[in-house]
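[1] Fold the following.
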Amino acid sequence: SPSRIILSAPPENAEGIQALAADVGAPASVLGEVGGDDLVISTGAEEPVTLAVSEMDRIWRTAIPSLMEQ
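    Coordinates of the predicted model:
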């Protein structure tokens with residue numbers, strides 16, 4: 001299907017959320033955890049990608065001004 005939803009919830013609610021999704025026939029899985037100073041993306045087999053949240057914020061905030069200077 002062309003749609004996806006990412007939901008952030010406390011860890012203690014994960015089981016209940018997955019049960020609700022199952023009740024309506026929607027696939028659901030836990031993707032990771034939220035928190036900390038870095039975004040870390042790991043597939044388990046490869047070296048994880050790590051980027052500081054502060055750096056992502058800087059890139060996002062300066063994206064349009066940077067493009068306008070080109």
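[2] Got the confidence number for the residue lying closest to Ser42 once chain neighbours are set aside?
    What sits nearest to Ser42 in space, not counting adjacent residues and going by Cβ to Cβ, 6 or more residues apart in numbering, is Pro48, at 3.8 Å. C-betas here are computed from N, CA, C, even on glycine. Here, the pLDDT recorded for Pro48 equals 85.
[3] Would you check how far apart Pro48 and Val30 are?
    Between Pro48 and Val30 the computed distance is 17 Å (Cβ to Cβ, to the nearest Å).
[4] do the same with Leu67
    Leu67 is 36 Å from Val30, where distance means Cβ to Cβ.
[5] picking that back up, in contact with the residue nearest to Ser42: list those residues for me.
    Val40, Ile41, Ser42 (Cβ atoms under 8 Å, 6 or more residues apart in numbering).
[6] go on, Arg61?
    Contacts for Arg61 (Cβ under 8 Å, 6+ apart) come out as none.
[7] who does the helix or strand of the chain with the lowest mean pLDDT pair up with?
    Lowest on mean pLDDT, DSSP states H and E among the helices and strands of the chain sits strand 38-41, with a mean of 90. Next to strand 38-41 in the sheet, as set by DSSP bridges, lie strand 49-52 (antiparallel).
[8] after the partner strand, next one along is what?
    Following strand 49-52 in sequence order, the next helix or strand is helix 53-69 (DSSP states H and E).
[9] which stretches of the protein aren't confidently modelled?
    Filtered on pLDDT under 70, the chain yields the residue ranges 1.
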